[in-house]
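Visitor: model this:
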Amino acid sequence: MSDMWTGKKVRLRAVEPEDWEGFRALARDTVDVRDAGLVTPPRSDESFRSWTAERAGRAPGGEAFRLVIQTLADGAFAGSVTVGETDTRAGRFRTGIEIAREHRGRGCATEATELLLTYMFAELRHHKCEVEVHAFNEASLALYRKLGFTEEGRLRQHEFFAGAHHDVVLLGITADEHWATHQRPSVR
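Guide: Here you go, the predicted structure:
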């Protein structure tokens, strides 16, 4: 690892204006249909260009941010990872991830989430990360369980889309649980 944002397969980087096509592809082909074109009317290319340009112009970090997941092998846009709903007093934050179809099942989501957790726990001293996953999203549930997240609850029939109500699974991991299976960053 050359820096804390780079793993063996991916690196996390800031959003750039030219990423708009990657975000458009994610919106058209996502497992989490709340953000997909299945629920809202289709968006124009200009809408994606302006949305992405606005995010590219934001200052880095803060209580909520989005990073692009880029493959090291070919520099491809593989998806994005987000931090939000940060509670600095309690030391909690939420994260989410979207992976482009052609990069699923290749370890990009695992490594990107590990990089993000390391930053949030080691550098920002947060104590706990939480995620919400639709109960039908088996791939995301498997990802977070593999990373050591524990199911903490289920919101029954919590979201409505595609003509039905769906459960949302709440999962969490503490910094201590993360460090039990991951090496802390070193200054050497």
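Visitor: CA only for contacts and neighbour counts going forward, please
Guide: Noted.
Visitor: And the worst-scoring helix or strand of the chain on mean pLDDT, what does it pack against?
Guide: Within the chain, confidence by mean pLDDT, DSSP states H and E is lowest for helix 20-28 among all helices and strands, at a mean of 91. Secondary-structure packing of helix 20-28 (3 or more Cα pairs under 8 Å, 6 or more residues apart in numbering; DSSP states H and E): helix 45-56, strand 77-87.
Visitor: quick check: mean pLDDT across the shortest one?
Guide: Pointing back at strand 77-87 there. In this model, strand 77-87 has a mean pLDDT of 94.
Visitor: what does that strand contact?
Guide: Strand 77-87 is contacted from outside by 19, 22-23, 26, 63-71, 92-100, 102-103, 108, 112-113, using Cα atoms under 8 Å, 6 or more residues apart in numbering.
Visitor: again with the longest one
Guide: Contacts of helix 45-56 with the rest of the structure, by Cα under 8 Å, 6+ apart, involve Ala14, Val15, Glu16, Pro17, Glu18, Asp19, Trp20, Glu21, Phe23, Arg24.
Visitor: Buried members of these into PyMOL, please.
Guide: The buried residues among these can be selected in PyMOL (16 or more other Cα atoms under 10 Å) with this line:
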select buried, resi 14+15+17+19+20+23+24
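Visitor: Let me have the contacts of helix 45-56 in CSV, adding distance to Val81 as columns.
Guide: Below are the contacts of helix 45-56 laid out as CSV (distance: Cα to Cα, whole Å):
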residue, distance to Val81
Ala14, 11
Val15, 11
Glu16, 14
Pro17, 17
Glu18, 17
Asp19, 14
Trp20, 15
Glu21, 16
Phe23, 12
Arg24, 15
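Visitor: Looking at the contacts of helix 45-56, spot the one nearest Met4.
Guide: Ala14 (13.7 Å; Cα to Cα).
Visitor: Is the nearest residue to that closest one once chain neighbours are set aside bridged to anything, and to what?
Guide: Closest residue to Ala14 apart from its sequence neighbours, by Cα to Cα, 6 or more residues apart in numbering: Leu67 at 5.2 Å. Beta-bridge partners of Leu67, counted by DSSP bridges, are Val81.
Visitor: show me where the protein has strands.
Guide: Taking DSSP state E as the criterion, the chain carries its strands at 10-13, 65-71, 77-87, 92-99, 128-134, 150-161, 164-174.
Visitor: Neighbours of Arg92, how many?
Guide: 21 (other Cα atoms under 10 Å).
Visitor: Need the winner for burial among the helices and strands packed on helix 20-28.
Guide: strand 77-87 (a mean of 19; mean count of other Cα atoms under 10 Å).
Visitor: Quick one: distance of that one to the chain centre.
Guide: On the basis of Cα atoms, centre = their mean, to the nearest Å, strand 77-87 sits 4 Å off its chain's mean C-alpha point.
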